[in-house]
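J.: pasting a predicted model and its sequence here:
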Amino acid sequence: MSMTTNWSSPETGQREMPKNTMPKGSSLMTSDTQAPVLRLDQWVPYRLFIISARVAELVADYYGPRYGLSQAAWRILAVVGDKPGMSARQIRHAAGLDQFAVSRALGQLQHLGFAQRSAAGRDRRRAEVHLTAEGERVFRDLSRISLAIETELLSTLDDDQKNALGTLLNELDRTSAGIVSRGLPAILGDDGADVPGASGRKDE
């Protein structure tokens, strides 16, 4: 005879999970006497990072030797190729790089003849970044490589899964930006009283 466990709440009649039971695949391990412990291989941010790092390394093996680009320079070339005329500040936010990394990578792109800066109309204090003709050629080549890798990465997903993945990634992107804006103390509540940055991070 098979036996089933009744997890219904006597107050609500709704099914509840036992306190010492975690969903399969959770990044946390816990017990009645032990605080939650991180399982890195199941932690969602780490899993996303590993996927990204693998693909980024594969692309870097192509653009590094072929064009002499650093990873930061490749990201900026892709950003500017997609949206020409951005300022260094806009590039910094779009590429997820700090000011020093952007300045150094832009210098590399200019040195290689792939990008150039020009004054933004009458506002000479604001410089726009554009790709040169050679930079456009490199961008098209790297687009071909990158999109081929993406196609292969998603090849086991059907159209519905791809659409769902896009929706989930958009939501995670939005939520992660909100987490950074709020700051760690706000996320931890009472446990974050001694954590620096109580006011959260602000856009520079």
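T.: Cool, got the structure.
J.: just the strands in this protein please.
T.: 28-31, 34-38, 115-120, 123-131 (DSSP state E).
J.: neighbours of Arg140, how many?
T.: Number of residues near Arg140 (other CB atoms under 10 Å) recorded here: 10. C-beta: built from backbone N, CA, C; applies to glycine.
J.: then Arg92?
T.: Look at Arg92: counted by other CB under 10 Å, it has 20 neighbours.
J.: quick check: it vs Arg126, distance?
T.: Using CB to CB, to the nearest Å, Arg92 is found at 14 Å from Arg126.
J.: torsion angles phi and psi at Thr132?
T.: As for Thr132, its main-chain torsions (degrees, to the nearest 10) stand at phi -80, psi 180.
J.: please tell me how far it sits from Ala73.
T.: 14 Å.
J.: just Ala120 next, same as before
T.: Taking CB to CB, one finds Ala120 at 22 Å from Ala73.
J.: again, but for Val180
T.: Separation of Val180 from Ala73 (CB to CB) stands at 25 Å.
J.: follow-up on the earlier one: got the strands of the chain as a markdown table, with distance to Gly189, mean pLDDT and mean neighbour count columns?
T.: Formatted as a markdown table, the strands of the chain follow (distance: least, CB to CB, whole Å; pLDDT from 0 to 100; neighbours: other CB atoms under 10 Å):
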| stretch | distance to Gly189 | mean pLDDT | mean neighbour count |
| --- | --- | --- | --- |
| strand 28-31 | 17 | 59 | 13 |
| strand 34-38 | 15 | 86 | 10 |
| strand 115-120 | 44 | 88 | 15 |
| strand 123-131 | 42 | 83 | 14 |
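J.: can you pull the buried residues of stretch 79-93?
T.: Within stretch 79-93, the residues that count as buried by 16 or more other CB atoms under 10 Å are 79-81, 86, 88, 90-92.
J.: quick one: the helices in this protein?
T.: For the chain, helices defined by DSSP state H occupy the ranges 44-67, 71-82, 88-95, 99-111, 133-153, 159-182, 184-188.
J.: what sits against the spatially closest residue to Arg117 that is not a sequence neighbour?
T.: Spatial nearest neighbour of Arg117, excluding adjacent residues (CB to CB, 6 or more residues apart in numbering): Ala127 at 4.3 Å. For Ala127, the contacting residues are 87-88, 117-120, by CB atoms under 8 Å, 6 or more residues apart in numbering.
J.: grab the nearest non-local neighbour of Leu48.
T.: Excluding the flanking residues, the one nearest Leu48 by CB to CB, 6+ apart is Leu172, at 7.9 Å.
J.: please consider this matter closed, and thank you.
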